[in-house]
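Engineer: Below are the sequence and a predicted model; questions follow.
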Amino acid sequence: MKYYIISGERSGDLHASNLIKEIKALDPSSQVRGIGGDLSKEAGVEVFKHYKEISFMGLIEVLANIFKISQYLKATKKDMLEFKPDVLILVDFAGFNMRMAKFAKENGLKVFYYISPKIWAWNTKRVEKIKRYVDRMFVILPFEREFYKKFGVKVDFVGNPILDSVKDFKPNLNFRTENGLDQRPVIAILPGSRKQEIERMLHFMLSLLPAFKDYQFVVAGVSNLTLDYYQMFRRGGEVKIVIDKTYDLLNIAQGALVTSGTATLETAFFKVPQLVGYKMNLITFWLGKAVVKVKFISLVNLILGRELIKELIQDNFHPNLIRDELRALLTDPVRKKEINEGYEELLEKMGSSGASKRTAELMLDSLRQGVNSL
């Protein structure tokens, strides 16, 4: 069979690549094309466009690049029709992918959605569009099943693919020496993967260095940005940068400063006490504040339904507040115990590993037997 898959940012590329590996194991003669990154390409996807060409964050950035996005969308529609897939598989990336879902459905294509758009956080009206344009939805967060049920939409909760990534991780025993780290305890810095968010967050995070001289700060960089780009954050060599080694870093960290998103779950699965912070364009912040319907930005807190992890957002993302909370994470045994117990509860709620394989099996069963629409 022929599959067209679209992922629009780094974590989506990871999940798409693992899904495609499982699909290819079940359907060895499959042909796969679409939008993704290096991981998707390695998994066997014929990448039509790299996701980083269109990965914009925040309302202002999107509006500034609206013409580019429009051209990208037009080219993708043409490419998909020429490829003539049996199914379009969408991975998160709601703004772009919901338009592709509508177009695909109008042209008689089956549409699967893996990793739901965050419509539970804002714009719940998109549920109606999902009903119309998506044949089957595969969700990875436990509360999403109940969310969709309220609107009469049946979805498949397949577990979270991050559990697979963490389970398959094999630590590098030479990680410290290979990356120039000394024996001081490590504070991991996970500032995101987009330039816009990194440049808003990282200088604030690193301003804490003087208050934590007994620790070493290590930034989890990503390879879609160059090592030269990260040089501005080294603080004269005080800060170490590691590229695409987030799990090795979390494996030895005593604490972490994390932007919101998938990284909060990854940090939790490694049992690392964390502080979540976020700062965005002021206009985007106030617009978001008006429409966001959830209490938390951290997936850990959203899944637990309470604030286990401290969230410092916008003006509260201030060096003094960050310093005080981080110190408590590192030194207060009561706080550490509370977080460890919360992480155990989180793991219980997340389901079992095997999400990518489970999703691939369900997708192929649907394609072979005929899709049961939502």
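Structural biologist: Arrived safely, thanks for sending.

Engineer: When you work out contacts or count neighbours from here on, use the C-alpha atoms and nothing else.
Structural biologist: Noted.

Engineer: Buried residues of the helix or strand harbouring residue 348, list them for me.
Structural biologist: Secondary structure from DSSP states H and E places residue 348 in helix 333-349. Under the neighbour-count criterion of 16 or more other CA atoms under 10 Å, helix 333-349 has 336, 339-340, 342-343, 346 buried.

Engineer: which is the next helix or strand following it?
Structural biologist: Using DSSP H and E, the helix or strand that follows helix 333-349 in sequence is helix 355-369.

Engineer: CA atoms only for that following helix, dumped as CSV, please.
Structural biologist: Output of helix 355-369 as CSV, limited to C-alpha atoms (Å, rounded to 0.1, in the frame of the first residue of the first chain):
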residue,chain,number,x,y,z
ALA,A,355,2.2,2.6,21.0
SER,A,356,3.9,2.7,17.5
LYS,A,357,3.3,-1.0,16.9
ARG,A,358,-0.2,-0.9,18.2
THR,A,359,-1.1,2.1,16.0
ALA,A,360,0.4,0.5,12.9
GLU,A,361,-1.6,-2.8,13.5
LEU,A,362,-4.8,-0.8,13.9
MET,A,363,-4.1,1.2,10.8
LEU,A,364,-3.4,-1.8,8.6
ASP,A,365,-6.4,-3.7,10.0
SER,A,366,-8.6,-0.7,9.0
LEU,A,367,-7.1,-0.4,5.6
ARG,A,368,-7.5,-4.1,4.9
GLN,A,369,-11.0,-4.4,6.3
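
Engineer: what helices or strands is it leaning on?
Structural biologist: Judged by 3 or more CA pairs under 8 Å, 6 or more residues apart in numbering; DSSP states H and E, helix 355-369 is in contact with helix 10-26, helix 161-168.

Engineer: who's in contact with it?
Structural biologist: With contact meaning CA atoms under 8 Å, 6 or more residues apart in numbering, helix 355-369 is reached by 15, 18-20, 22-23, 26, 112, 138, 140, 158-161, 164, 372.

Engineer: what are the ranges of the strands in the stretch 101-250 of the chain?
Structural biologist: For the stretch 101-250 of the chain, applying DSSP state E, counting those that start in this stretch gives strands covering 110-114, 136-139, 156-157, 186-190, 216-221, 240-243.

Engineer: Taking their axis directions, the fifth one and strand 186-190 sit at what angle?
Structural biologist: It refers to strand 216-221. Calculated by axes from the mean of the first three to the mean of the last three CA atoms, to 10 degrees, strand 216-221 forms an angle of 30 degrees with strand 186-190.

Engineer: partner strands of strand 216-221, parallel or antiparallel?
Structural biologist: Strand 216-221 has the following strand partners under DSSP bridges: strand 186-190 (parallel), strand 240-243 (parallel).

Engineer: Quick one: mean pLDDT over that strand.
Structural biologist: On average, the pLDDT along strand 216-221 is 95.

Engineer: still on that earlier bit, which neighbouring elements make contact with the helix holding residue 348?
Structural biologist: Checking 3+ CA pairs under 8 Å, 6+ apart, helix 333-349 ends up next to helix 262-269, helix 299-304, helix 319-331.

Engineer: what ranges do the helices span in the stretch 51-200 of the chain?
Structural biologist: Taking DSSP state H, counting those that start in this stretch as the test, the helices found in the stretch 51-200 of the chain are 59-64, 66-83, 94-106, 126-133, 142-149, 161-168, 175-178, 195-206.

Engineer: now for these, which one comes closest to residue 43?
Structural biologist: helix 161-168 (14.8 Å; CA to CA).

Engineer: hang on, the earlier thing: now tabulate the strands of the stretch 101-250 of the chain in TSV and tack on mean neighbour count and distance to residue 249.
Structural biologist: Formatted as TSV, those follow (neighbours: other CA atoms under 10 Å; distance: least, CA to CA, whole Å):
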stretch	mean neighbour count	distance to residue 249
strand 110-114	24	28
strand 136-139	24	28
strand 156-157	18	30
strand 186-190	25	7
strand 216-221	24	7
strand 240-243	20	8
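
Engineer: so where's the stretch 51-200 of the chain shaky on pLDDT?
Structural biologist: For the stretch 51-200 of the chain, applying pLDDT under 70 flags the ranges 55-67, 123.
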